[in-house]
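Q: Let me see the structure of the following:
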Amino acid sequence: MPYMTINCPHCNTTLEIDEKAAGSIVTCPACHKGMQLAPLAVAIAQPAIVSQQAASLAPKQETSVAAMWSLVLGILSLLCLGLITGIPAIICGHISRKNIRNSDGVLQGSGMALAGLICGYVATVISIVMILFFALTSVALFGNTTKYIKVSRISAAKGQISNFDTGINAYLLENGKYPPALSELTRGNEPIMAAIPLDPWQNPYKYVYPSRHPPFKYDISSFGPDGIENSDDDITNWRESGKSIALDMHSTAVPMQPGPK
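A: This next block holds a predicted model:
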């Protein structure tokens, strides 16, 4: 049975068709689209013309723009931009691959889209890992810094209570009695202290005379980090945690007025 060879004008597949089908409409088995065959005389006399006509009727192939963008953005994400271009590269890659599958061979660039997807995913994973690393590192450093600041402020409060002890005992030596208030240390032509500072949390120190905690003659306390009186973090001259030199000075030979029992 004689056959004639033609190219499908839609998918450019080479087909061998029975000459009896010349001049009729047949369906391409590759792309399942119909095409009009030339009469047999024309097909035999001018095979080159038939081939040219089929080629002219075939759809023009082009590269997917989304695939090109996916590749460019993916490369940039690996080089320097990470998530900024990695996620767009992934989106463009998936869009382009879907469009290429649905284009019946018109669109090309599946390889570029795949490369862009791989670059985008790798850069995104690396960026997420780095972000988590720096976040955890920052949290650890911030925690250590916060702890150091808290400890240094507690030490500063203890040191200031010790300074008050020195000033109060100096007042006792000059006046023969304990000051009724810390403000007494700043009075006179030659004050013992230039000013009464606030504690490291910007709260005033509390001074009580006579002491409510024997054998101390007076009480000095900071309300500590929480600023609440009589809480566990109070820093005082009678607690072990906030103990200053007050007790030692009270136990020396410096003359002291007996406090009330």
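
Q: The biggest helix by length in the chain packs against which elements?
A: As assigned by DSSP state H, the longest helix anywhere in the chain is helix 110-175. Secondary-structure packing of helix 110-175 (3 or more Cβ pairs under 8 Å, 6 or more residues apart in numbering; DSSP states H and E): helix 65-76, helix 83-101, strand 219-222, strand 235-236, helix 246-250. Using the backbone N, CA and C atoms, a C-beta is placed for each residue, glycine as well.

Q: Out of those, the one nearest residue 162 is which?
A: helix 246-250 (7.7 Å; Cβ to Cβ).

Q: So for that closest one, mean pLDDT?
A: Average pLDDT, helix 246-250: 40.

Q: Quick one: low-confidence residue ranges for the protein.
A: Filtered on pLDDT under 70, the chain yields the residue ranges 1, 40-59, 240-261.

Q: one more time with 80, if that's ok
A: Scanning the chain for pLDDT under 80 picks out 1-6, 17-24, 35-60, 142-144, 239-261.

Q: Next, name the residue at the spatial heart of it.
A: Closest to where the C-alpha atoms of the chain average out (Cα atoms, centre = their mean) is residue 131, at 5.3 Å.

Q: From residue 140, how far off is that residue?
A: Distance, residue 131 to residue 140, by Cβ to Cβ, to the nearest Å: 15 Å.

Q: if we can go back for a sec, which residues are in contact with the residue nearest to the centre of the chain?
A: For residue 131, no contacting residues are found, by Cβ atoms under 8 Å, 6 or more residues apart in numbering.

Q: roughly how far apart are it and residue 239?
A: 45 Å.
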